[in-house]
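In: generate coordinates for the sequence data below:
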Amino acid sequence: MSTRVRERRTGRRALRTSVALGTGMVLAAALTACQQQDEVTEKVTKATGAYPARVEQPSPGFEVALTAIPLVADKRLRVLDAENRVWAEPLEAPRKTSAYWAYERDETLLKVVLAERAERPPLAVSLWADGALVAVDTRTGTVRWRARSGDAVGGRWSALGRYLYDEGGSNTDTRLRVVPGDGRPVVLVDTGSGLLAFDAADGGELWQESWKCDETAATTSSWVATHAVVVRESCEKGVRLLDARTGRRTADLAPEIPAAWPRIGEDGVQEPTLGEYACLRNVCDLLTFRLGGSTGGAKALYWWIDGDGRPVPLEEGQATPNAEDQPFGVDIADEGFTLVATDAAARTTAWRVKTPLDVGGSRSFNDVAVTSDAVWAGSTDWKGEGPALLGYDLKNGKQVACGRPAGTAITHMATAGDYIVVNDIALDPAMTAEPEIDGDDPPFLMMNPRRKSAC
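Out: Below you'll find the model as predicted:
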């Protein structure tokens, strides 16, 4: 079933809709008196078939070419996006399958996130360049609510999930995020001058937070924990923590340099930094304060953000409260020649894998993705014999897979649920260019590689 909606752009409030019976058209009228005259047309295609079956474990060897990096909803659907469209397909359906549901809008899409709800299918929440927020029920394809995040957000859609400006861009897109809140999620929008929080249940605005610093001279960043939002501004010392549902300032954290640490500037020791650590699915419940450069043997300090949004110090050797869920963090070190896995709960190095030495000096590991049981790494020239996709056991670093891509070198990797997503066309490793989106030659592969060694 397809329904077209004409929405009048308004100020920052949820929209009320009235249905014109028999025409299939819905006119969204403003709740504020300050109305603009231009209108936006959207097309809603609701789900008509049965809800796809759950895929509890990815099928061994599953692979499908896609035009976008998907999100996995309820282990049943892959949610995809394009410049003007969000849609869902059965999770392990073949390429060019019919959409289970779709939402289209004659505006530029910026980003889509999933808001996981307790005992209900998640919502696919999309942010659009005109400031609109639209939440679609992933079970039915029904629009559950519409809201406004302001007049215009800026930037444009990215197939790689980056924040693109008119020129250049960064490798992360923080304009739209979700604070999980144990089943009561909050949708968070970065407007460029502050934060706006919305209740994922109905789209109601919960709170606003403006940046404290002069925008022209300050650097501001923020990240989300399970129950809190953490803000760091260069004109303030340390970070401030905000309750995700009220916006109330729950705590400030500005640690002093311990007396036992080496002096800054000596033997390569650099200024310490306070930031997030060991994030799990973009949720960062750990904070760390550590020296830059050579640490001189100084051990980093850690805090756990509790259910009240307050930082609780962790003693050396004390496991994090979510130790059972916290995975190994994996980084590429030594200019691309070493994989380093860190036990995020114990905050210790779990294992290291060094590349073979016969690679002709080229960078061995380009990118890395971590699933529930394996670490996957892409190499441009493995053992001097061309591109490879390598798999390592998550717990001990033992190699469990090695395959040769049929196409180009794997330079971009992501995870979608327990699948990995890799580039299937040549992409700049430095992420300075967007892929060409061609339905006949999709740029991405969503896959669950077989655990076998063929190289």
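
In: who does Val134 form a beta bridge with?
Out: Ser126, Arg146 (DSSP bridges).

In: that one: neighbouring residues, count only.
Out: Neighbourhood size, Val134 [other Cβ atoms under 10 Å]: 26. C-beta here means a position set from N, CA and C on the backbone, and glycine is covered the same way.

In: my guess is it contacts Arg148. True?
Out: No: using Cβ atoms under 8 Å as the test, Val134 is too far from Arg148 to be in contact (10.6 Å).

In: roughly how far does Tyr277 sit from Gly293?
Out: 18 Å (Cβ to Cβ, to the nearest Å).

In: the two: which is more packed in?
Out: Neighbours were counted for Tyr277 and for Gly293 using other Cβ under 10 Å; Tyr277 has more, 19 against 12.

In: residue ranges for the strands of the stretch 251-400 of the chain, please.
Out: 269-277, 286-293, 301-305, 311-314, 328-333, 338-343, 348-354, 367-370, 374-379, 388-393, 399-403 (DSSP state E, counting those that start in this stretch).

In: tabulate these (JSON lines), appending mean pLDDT and distance to Lys111.
Out: Formatted as JSON lines, the strands of the stretch 251-400 of the chain follow (pLDDT from 0 to 100; distance: least, Cβ to Cβ, whole Å):
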{"stretch": "strand 269-277", "mean pLDDT": "90", "distance to Lys111": "20"}
{"stretch": "strand 286-293", "mean pLDDT": "89", "distance to Lys111": "25"}
{"stretch": "strand 301-305", "mean pLDDT": "95", "distance to Lys111": "24"}
{"stretch": "strand 311-314", "mean pLDDT": "96", "distance to Lys111": "28"}
{"stretch": "strand 328-333", "mean pLDDT": "85", "distance to Lys111": "24"}
{"stretch": "strand 338-343", "mean pLDDT": "90", "distance to Lys111": "28"}
{"stretch": "strand 348-354", "mean pLDDT": "90", "distance to Lys111": "33"}
{"stretch": "strand 367-370", "mean pLDDT": "92", "distance to Lys111": "20"}
{"stretch": "strand 374-379", "mean pLDDT": "92", "distance to Lys111": "24"}
{"stretch": "strand 388-393", "mean pLDDT": "93", "distance to Lys111": "27"}
{"stretch": "strand 399-403", "mean pLDDT": "92", "distance to Lys111": "32"}
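
In: let me have the ones you listed in TSV, adding distance to Cys213 as columns.
Out: Compiled in TSV, the strands of the stretch 251-400 of the chain are given as follows (distance: least, Cβ to Cβ, whole Å):
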stretch	distance to Cys213
strand 269-277	16
strand 286-293	20
strand 301-305	23
strand 311-314	21
strand 328-333	30
strand 338-343	32
strand 348-354	36
strand 367-370	33
strand 374-379	38
strand 388-393	42
strand 399-403	47
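
In: nearest to Val72, out of the ones you listed?
Out: Relative to Val72, the nearest member of the strands of the stretch 251-400 of the chain by Cβ to Cβ is strand 367-370, separated by 13.6 Å.

In: list the buried residues in stretch 326-334.
Out: If you call a residue buried by 16 or more other Cβ atoms under 10 Å, then stretch 326-334 has these buried ones: Gln326, Pro327, Phe328, Gly329, Val330, Ile332.

In: please apply the same query to stretch 195-212.
Out: Under 16+ other Cβ under 10 Å, the buried positions of stretch 195-212 are 195-201, 203, 205-207, 209, 211.

In: of those, which pair is most distant in space?
Out: Ala201 and Trp211 (27.2 Å).

In: can you tell which of the strands of the stretch 251-400 of the chain is closest to Ala115?
Out: strand 301-305 (19.8 Å).

In: select, out of the strands of the stretch 251-400 of the chain, the one closest to Arg175.
Out: Nearest of those (Cβ to Cβ): strand 269-277, 17.6 Å.

In: spatially nearest residue to Asp331 (excluding sequence neighbours)?
Out: Val340 (5.2 Å; Cβ to Cβ, 6 or more residues apart in numbering).

In: same deal with Pro321?
Out: Trp304 (6.0 Å).

In: poorly predicted segments of this structure, please.
Out: Filtered on pLDDT under 70, the chain yields the residue ranges 1-38, 151-154, 163-172, 215-218, 356-363, 430-432, 454.

In: find the centremost residue of it, please.
Out: In the chain, the centroid-proximal residue (Cα atoms, centre = their mean) is Asn282; its distance is 5.5 Å.

In: in contact with it, which residues?
Out: Arg177, Val224 (Cβ atoms under 8 Å, 6 or more residues apart in numbering).

In: and the gap between it and Gly161?
Out: 11 Å.

In: if we can go back for a sec, export the buried residues of stretch 326-334 to CSV and tack on distance to Thr371?
Out: Shown next, in CSV, are these (distance: Cβ to Cβ, whole Å):
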residue, distance to Thr371
Gln326, 15
Pro327, 9
Phe328, 11
Gly329, 13
Val330, 11
Ile332, 17
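
In: so Lys212 sits against Lys237, correct?
Out: No: in this structure, Lys212 is not within contact of Lys237 by Cβ under 8 Å, at 11.7 Å.

In: which residue ranges make up the domains of this protein?
Out: 1-48+63-156, 327-455 (automatic domain parsing).

In: count the residues that sit near the nearest residue to Val421 once chain neighbours are set aside.
Out: Closest residue in space to Val421, ignoring its immediate chain neighbours: Ala414 at 4.5 Å, by Cβ to Cβ, 6+ apart. Per other Cβ under 10 Å, the neighbour tally for Ala414 reads 17.

In: right, and the domains of the chain - which one's nearest Ile257?
Out: domain 327-455 (19.2 Å).

In: can you give me the first-to-last residue distance of the closest one?
Out: From its first residue to its last, domain 327-455 covers 28 Å (Cα to Cα, to the nearest Å).

In: what sits against Ile453?
Out: Heads up, residue 453 is Ser, not Ile. For Ser453, the contacting residues are Gln399, Val400, Ala401, Cys402, by Cβ under 8 Å, 6+ apart.

In: so the third one makes contact with Ala388?
Out: No: checked against Cβ under 8 Å, the pair Ala401 and Ala388 is beyond contact range at 9.8 Å.

In: between these two, tell me which one has more neighbours.
Out: For Ala401 and Ala388, the more surrounded residue by other Cβ under 10 Å is Ala388, and the numbers stand at 22 against 19.

In: residues contacting the more buried one?
Out: Ala388 neighbours (Cβ under 8 Å, 6+ apart): Gly378, Ser379, Trp382, Cys402, Gly403, Arg404, Pro405, Cys455.

In: show me which of these are buried.
Out: Buried, going by 16+ other Cβ under 10 Å: Gly378, Ser379, Trp382, Cys402, Gly403, Pro405, out of those.
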